[in-house]
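>>> no letters, just coordinates:
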């Protein structure tokens with residue numbers, strides 16, 4: 001994972017932890033059985049909560065793909081083997097944009 005995005009994600013999480021948010025919200029990175037990865041980020045109580053996000057679908061090959069979307073108050077990013085860094089970059093850029101609105 002790109003160090004700058006990982007460090008940014010650590011700081012984003014820390015900034016949103018307020019003694020309450022982290023008890024029912026958070027970030028999940030896991031694996032898919034197709035196989036691949038997923039990133040899920042709770043947006044409730046963050047600056048991104050009510051912001052729009054245009055779904056992104058990239059299908060380059062069977063193992064090189066990602067989908068990014070917001071659903072039910074969460075940023076979702078299922079992806080292929082080596083696409084987790086791209087999904088994290090997309091979330092970072094969008095969350096930074098949300099902070100400017």
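Nice, I can see it. Please read these numbers as outputs of a predicted model, since none were measured by experiment.

>>> quick check: next helix or strand after the lowest-mean-pLDDT helix or strand in the chain?
Least confident helix or strand, the chain: helix 21-24 with a mean of 87, by mean pLDDT, DSSP states H and E. From helix 21-24 onward toward the C-terminus, using DSSP states H and E, the following helix or strand is strand 27-32.

>>> circling back to that earlier point, what comes up buried for the least confident helix or strand of the chain?
residue 21 (16 or more other CB atoms under 10 Å). C-betas here are computed from N, CA, C, even on glycine.

>>> residues making contact with that helix?
Contacting residues not belonging to helix 21-24 are listed as 13, 16, 42, 44, 45, 46 [CB atoms under 8 Å, 6 or more residues apart in numbering].

>>> return the distance of the second one relative to residue 29.
From residue 16 across to residue 29, the span is 16 Å (CB to CB, to the nearest Å).

>>> ok, the fourth one next?
Taken as CB to CB, the spacing of residue 44 relative to residue 29 amounts to 19 Å.

>>> only whichever of the contacts of helix 21-24 are buried, select them in PyMOL.
In PyMOL, this line selects whichever of the contacts of helix 21-24 come out buried by 16+ other CB under 10 Å:
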select buried, resi 16+42+46
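
>>> and which of the contacts of helix 21-24 is nearest to residue 5?
Nearest to residue 5 out of these is residue 13 (CB to CB; 12.5 Å).

>>> got the angle for the helix or strand containing that closest one vs strand 27-32?
Per DSSP H and E, residue 13 falls inside helix 3-16. Angle of helix 3-16 versus strand 27-32, following axes from the mean of the first three to the mean of the last three CA atoms, to 10 degrees, is 130 degrees.
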